[in-house]
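Colleague: Quick one, what's the 3D model for this:
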Amino acid sequence: MGAGHNFQKFVTAILDLSNSKEWLEAKPEWELHAVYHDASLRACECGHEPINQICIIKNRDNGNEAEVGNVCVHNFMQLASRRIFAVLKRVRAEITKSLNPRSLELFARRGAISESEMAEYLAYWQKRSNMTDEQRSQKLEINRRVLEFWDQESARLAAAFRTNGLKPR
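Modeller: Purely as a prediction, here's the structure:
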């Protein structure tokens, strides 16, 4: 890991919010709940700073949440945050690129797209050709809505952090 990523400090912070007090048992309690970008100076639970790619992880069992850096979520918890940030960057640079299944699942859970839109998108997400005009149009519309949702969510969550010091529940 790069300088500043303290695995033990991260584990201690997550275990404090977990039902289990053993890392290997506590880790599966957590899921990726949201991702956002915050350009302000932030620190991860591991002590690394600054972080700009923020992941909100949520405990499935008790509802606790933590805002941590993308690197720790990827390296220590093996959640798909890195792929989601990468695909959002690619789609922002070229709107015709495809969102990946993990990002579609996340944004469907967050209400940015419907379950049926996600299912339709997944039916053609890897196609580069042989897409109908309707599929192309739907893909572009979903990509635009996801980026707009992400921008709004990032602005809202970053502002809430600056105001309250933590994400509103």
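Colleague: what's the neighbour count on the closest residue to A13 other than its chain neighbours?
Modeller: Closest residue to A13 apart from its sequence neighbours, by CB to CB, 6 or more residues apart in numbering: E45 at 3.8 Å. For every residue, glycine as well, the C-beta is placed using N, CA and C. Neighbour count for E45, taken as other CB atoms under 10 Å: 21.
Colleague: just the one 5 residues further on next, same as before
Modeller: Burial of P50, expressed as a neighbour count using other CB under 10 Å, amounts to 13.
Colleague: With A13 instead?
Modeller: Neighbours of A13 (other CB under 10 Å): 18.
Colleague: all numbers from here: first residue = 33
Modeller: Understood, numbering begins at 33; the last thing we discussed is A45.
Colleague: Contact partners for it?
Modeller: Applying CB atoms under 8 Å, 6 or more residues apart in numbering to A45 gives the contacts 77-78, 98.
Colleague: List the buried residues for the helix ranked longest in the chain?
Modeller: Ranked by number of residues, the top helix in the chain under DSSP state H is helix 165-196. Residues of helix 165-196 classed as buried: 167, 170-171, 174-175, 178-179, 182, 185-186, 189-190, 193 (neighbour count, 16 or more other CB atoms under 10 Å).
Colleague: Touching, L73 and E81? I think so.
Modeller: Yes - counting by CB atoms under 8 Å, L73 touches E81, with 6.6 Å between them.
Colleague: strand partners of the helix or strand that contains A98, parallel vs antiparallel please.
Modeller: Per DSSP states H and E: A98 is located in strand 97-101. In the sheet, strand 97-101 lines up against strand 85-91 (antiparallel) (DSSP bridges).
Colleague: how big is the angle separating the partner strand from helix 165-196?
Modeller: On the basis of axes from the mean of the first three to the mean of the last three CA atoms, to 10 degrees, strand 85-91 is oriented at 90 degrees to helix 165-196.
Colleague: what does strand 85-91 contact?
Modeller: Under the contact criterion CB under 8 Å, 6+ apart, strand 85-91 has outside partners 46, 49-51, 61-70, 74, 96-103, 105, 109, 111, 113, 117, 189-190, 199.
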